[in-house]
Every structure is written in C-alpha cells, then in structure tokens.
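Chemist: the following block contains a protein sequence and its predicted model.
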Amino acid sequence: MESLSWAISTLALIFATLTLLSKLFIRKSPKLKLKFPPGPKPWPIIGNLNLIGPLPHQSLHKLSQTYGPIMQLKFGSYPVVIASSPEIAKQILRTHDHVFASRPQTAAGKYTTYNYLNITWAPHGPYWRQGRKFYLSELFNSKRLDSFEYVRVEENRAFLSRLCALSGKPVTLKEHLSRLTLSIISRIVLGKKYFSVSEFDSSIVTLDEFQEMLDELFLLNGVLNIGDWIPWLDFLDLQGYVKRMKSLKEKFDRFHDHVFGEHRANKEGVKEFVPKDMVDVLLKLADDPNIEVKLNYDSVKGFTQDLIAGGTDTSATTVEWAMSELMKQPHLIEKATEELDRVIGRERWVEEKDIAQLPYIDAIMKETMRKHPVAVMLAPHLALEDCNVEGYDIRKGTRVFINTWSIGRNSSVWEAPEEFKPDRFLGKAIDVKGHNFELLPFGSGRRMCPGYSLGLKLIRSSIANMLHGFNWKLPENMKPEDLNMDEVYGLATPRKFPLVAIVEPRLPIHLY
C-alpha cells in the first residue's frame, strides 16, 4: 500500500492541472434525478483513493461509521459501493444476485488467472456457469470429497507428528500449517506432492518457493492497482504490480506445464482411463467435444490454480488466527479440551465424523471467521445493469464490495464485537454457508466459493486435533496481552507477524 501512496503523490501535479482545465473548458451536464448512496466528495482523477490506507477494509469501516452501511465512493474513474451490514449484503448477494453476478476486469484477473479463465475472476456468462457446474458436480461433490478423506487423515497425522518432534521448542505455526494444507490440496488436486521439503528431494519447486508463489498470488489479487482504477495510466504500471504479475504467471506456467505433462503421460495408451485426481478430471473435460463451452489449456491452468490457492493459504490463515485468539485467552483452550476429552477421550485422534459432536470447536471456527475473515472484503462484484438497493440508485458498471470485516464488527449485530467470544455461537443456528449474512467467510449467492465444504473439513479437523493433541503456550517472557494481532492486507488477510508457540503432547506418546 506504500506504493499506492507514492502513486497518488505523483498524480498531484496532474490533478492540479486538470482541475484547472476542467473548470475552464468542461461544461457541467444537467444532473439526472438519481439518489446515490451517501459518501465523501471525490477529488478529480483520483476520486477517494486518498482516503484508503494500508488496510483498505479498516479505512472503509471507519468511513462507514460516518456515511452508513451502504456508501458510494469513487476510486479513480469508477464508482464503488461498499456494503457494511448484513441487510445490505443480503440485498446485493441474494435479492439482486443476478445484477451483481459478474466481476470487473482487473490486471490481476488478466495476468495471474490466464485472462479471466478461473472461477474467481471469470465474468458472468456461459464459461463461468459451466466452470461452476464442474466445480460443484465433478470436483467438490460429497462422494469425491469423501474419497479423499484418507489423504486428509494421513497428512494430519504427519503434521501432528512433526509438531510432537518439536515439543518444547518455539514453532512458527504458519509454516507447518501451510505445509499441511498444501500437502493435502496437492494430493487431492494434483495427485501427489509436487514440491520438495529438503535439498535432497528432486521436485520442480521447493515448499518455500511454492509458498512464496502463493503469497505473491494472494497479495497481487488484493492490491489497489492504480491502472485498474485510472485506465489511461495503466501503461505506466506506476506501482510495478503488473510486472510482478507477469513474472508470477511465468513461474506458474512452468509448474503447470510440468504437472500436466506428467498427467497426460500417465494416461497415454490407457483405453478406459479413470481420473485419480482433480487435474485428471479437468484434462478429461478439456478433451470432451460435447461440453457446452470448450476448455483450452489455459482454462485447465486457471481452474487448477484456483483449486490450489483457494484451499491452502485460506485454511492455514484461519487456523493461525484461531490459535492466536485462543492463546490470548487460555481459559478458552481449557473449555475446548474439556469438550474433546469428554467426547473423544485421550486414546485416539479426532475424526471428521466427530466434528458434529464438538459444538465448541465449531464455535471457535465461526468466531474466528467473524473476527478474522480471510477475505476481509469479498472479491468485487460488478453491476450488470442499473439497480436500486435500500432506496439508492446503483448504476450499471459500478464496482461493489462486501466488507465482511466491517460486518463482523457491527455493534448492532454483535455484542462486544471486538472481543473473541466463541460462546456467542453456542445454541445459535448461524452457519457459514451463505445463508446468514452476518457471517460470510465464503460469500453467498452465485459467486460464493464453491470449495467451502473442503475448507470447512480442513479447518475444523486442524483446530480440533491441535487442541486435542497438545498443550499450547507462548514463548518465555511473552504474556498473552503482548501477542501482536496486526494484519496484512491482500485477497487473504494473514497475521503481520507469524504466531510462534511452544507445544507439549497431552495424549499417549504412541499416538504421535
């Protein structure tokens, strides 16, 4: 975001000059009788970009305290509507879902997702509808997810064993969580782990390199890129983001080419080839001449990248936030382990089928998603036609953001919203599947994340087994109140400073 401030500063002279010229030569056109949402007065050229700080969701939350739960700003050349309450989110994502079902075209969508060929950035239309159908019917149906439960179990056990081996030593938790989720997603999506964890392994990328690629992908997909908002400055790439996007695409190209090459080689000469992983399924669909919209090689790349990114960093980030909040309030860990000991006992690990009997674990997950939604602002929606929301006019072409971070801190919805209180969800029929608009970690409506069911399995199992298997404490000389909870903005919003903890086994050692 520092590059955004720098870019805005460089526009100051242009702004001053054009402001003068506009007053001299541009006649004001008669205003239409429209009622737009309230908001701050925009400056020429930059609009309200000067009001957006390093954490845009927090800047917009503060503005909503003045202008209300629906407000309109201008980012460069485009009007932007921000929804900060469940009621407004419901109107946009359910009542007028068909109007706001598309995405604006951004540099991130163009350069990092193969020209809008993934599910996240694809515009509304036949290609996106077909892709979503594939995701729901072919990739994330319950039968296929159940068939990969053994993968999740094996990788969870390996993860817990690695933690046990580090007993008594400071552990940077995110590194281990990222390896866990990336291992699971790689095996489910790609068929095996295509990264190496030591210098003696021969893989196309190391674990650290692949994690850096994913971190860069999430950052670049969440930045406020000047060229997206002021199109006539796009060619300058003032912040250098487009250059980084092109470089990242080249890295993913090499990775995808290697993976797809192996998959195609594996099915050569096999008459009745049965897909073993999600890439196999996608390649089979790409070869199908009967599908409505033909998939090309870049389509498979876009979908594969979506599957890997969507299931790795998001899950690891959520679990890290959960453990951070719990370690600030050790009595919450005691309550969780009491439930685990009572329901599971101390002679086995938590299984996925047990989660339904662990309401407090579920409450911890929901409270984490309320206070620390990974997507603090859902990916932007694009108005496909003029629309009226809450009595306000929203014009075709307007970009619309749902500020889930702000909704989670709405004091008219949540009592003591700044406090981490899992108990608030006990006995409450609030789910995270897009039906309750006060809690939208995966979005809702047509553009809801289609892989949420897998994400829930990863997050719940990780939290449950980490609490069941270990006692947790902060490093020496650190008090719970000293634990920094700052965040970094991007398409996903992780901790600014990784959580470091010390673990000690609390189950019989043979289980590890």
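Modeler: Received it, and whenever you're ready, just let me know what you need.

Chemist: residue 300 contacts residue 260, doesn't it?
Modeler: Yes. Counting by Cβ atoms under 8 Å, residue 300 touches residue 260, with 6.9 Å between them. C-beta: built from backbone N, CA, C; applies to glycine.

Chemist: ok, these two, which is more surrounded?
Modeler: For residue 300 versus residue 260, neighbours defined as other Cβ atoms under 10 Å are more numerous around residue 300 (22 against 19).

Chemist: how about that one, nearest residue that isn't a chain neighbour?
Modeler: Closest residue to residue 300 apart from its sequence neighbours, by Cβ to Cβ, 6 or more residues apart in numbering: residue 282 at 4.8 Å.

Chemist: biggest helix in this protein by residues?
Modeler: Longest helix of the chain, by residue count under DSSP state H: helix 241-267.

Chemist: buried residues in the next helix or strand after it, which are they?
Modeler: For helix 241-267, the succeeding helix or strand toward the C-terminus, using DSSP states H and E, is helix 278-286. If you call a residue buried by 16 or more other Cβ atoms under 10 Å, then helix 278-286 has these buried ones: 278-283, 285-286.

Chemist: just the buried residues of stretch 258-276, please?
Modeler: 259-260, 263, 267, 275.

Chemist: just to revisit the earlier point, list the contacts for the residue nearest to residue 300?
Modeler: Applying Cβ atoms under 8 Å, 6 or more residues apart in numbering, we find residue 282 in contact with 134, 295, 300, 303-304.

Chemist: do you know how far it is from residue 140?
Modeler: 13 Å (Cβ to Cβ, to the nearest Å).

Chemist: re earlier: which one of the buried residues of helix 278-286 is nearest to residue 470?
Modeler: residue 278 (31.8 Å; Cβ to Cβ).

Chemist: poorly predicted segments of the chain, please.
Modeler: Flagging of the chain using pLDDT under 70 yields the residue ranges 1-32, 198-202.

Chemist: what about 90?
Modeler: Low-confidence segments of the chain (pLDDT under 90): 1-33, 138-139, 195-204, 267-274, 289-290, 309-313, 476-477, 490-492.

Chemist: ranges for the strands of it?
Modeler: 70-75, 78-83, 170-172, 195-196, 205-206, 381-382, 387-389, 392-394, 399-402, 470-473, 500-505 (DSSP state E).

Chemist: which strands or helices does the first one pack on?
Modeler: If you count contacts as 3 or more Cβ pairs under 8 Å, 6 or more residues apart in numbering; DSSP states H and E, strand 70-75 packs onto helix 56-67, strand 78-83, strand 392-394.

Chemist: so of the ones you listed, which one's packed in deepest?
Modeler: strand 78-83 (a mean of 24; mean count of other Cβ atoms under 10 Å).

Chemist: that one: how far from the chain's middle?
Modeler: Offset of strand 78-83 from its chain centre (Cα atoms, centre = their mean, to the nearest Å): 20 Å.

Chemist: returning to what we had before: mutual contacts of residue 300 and residue 260, please.
Modeler: What both residue 300 and residue 260 touch, as defined by Cβ under 8 Å, 6+ apart, is the set 279, 283.

Chemist: dump the residue contacts of residue 321.
Modeler: 368, 371-372, 495.

Chemist: same question for residue 92.
Modeler: Residue 92 neighbours (Cβ under 8 Å, 6+ apart): 83, 100, 381, 389, 400, 402.

Chemist: recalculate using a threshold of 10 Å.
Modeler: Contacts for residue 92 (Cβ atoms under 10 Å, 6 or more residues apart in numbering) come out as 70, 81, 83, 99-100, 378, 381, 383, 387, 389-390, 394, 400-402, 437, 444-445.

Chemist: name the nearest residue to it, sequence neighbours excluded.
Modeler: residue 100 (5.3 Å).

Chemist: what residues are up against the closest residue to residue 506 other than its chain neighbours?
Modeler: Spatial nearest neighbour of residue 506, excluding adjacent residues (Cβ to Cβ, 6+ apart): residue 471 at 5.2 Å. Residue 471 makes contacts with 167, 330, 333, 337, 502-506, as judged by Cβ under 10 Å, 6+ apart.
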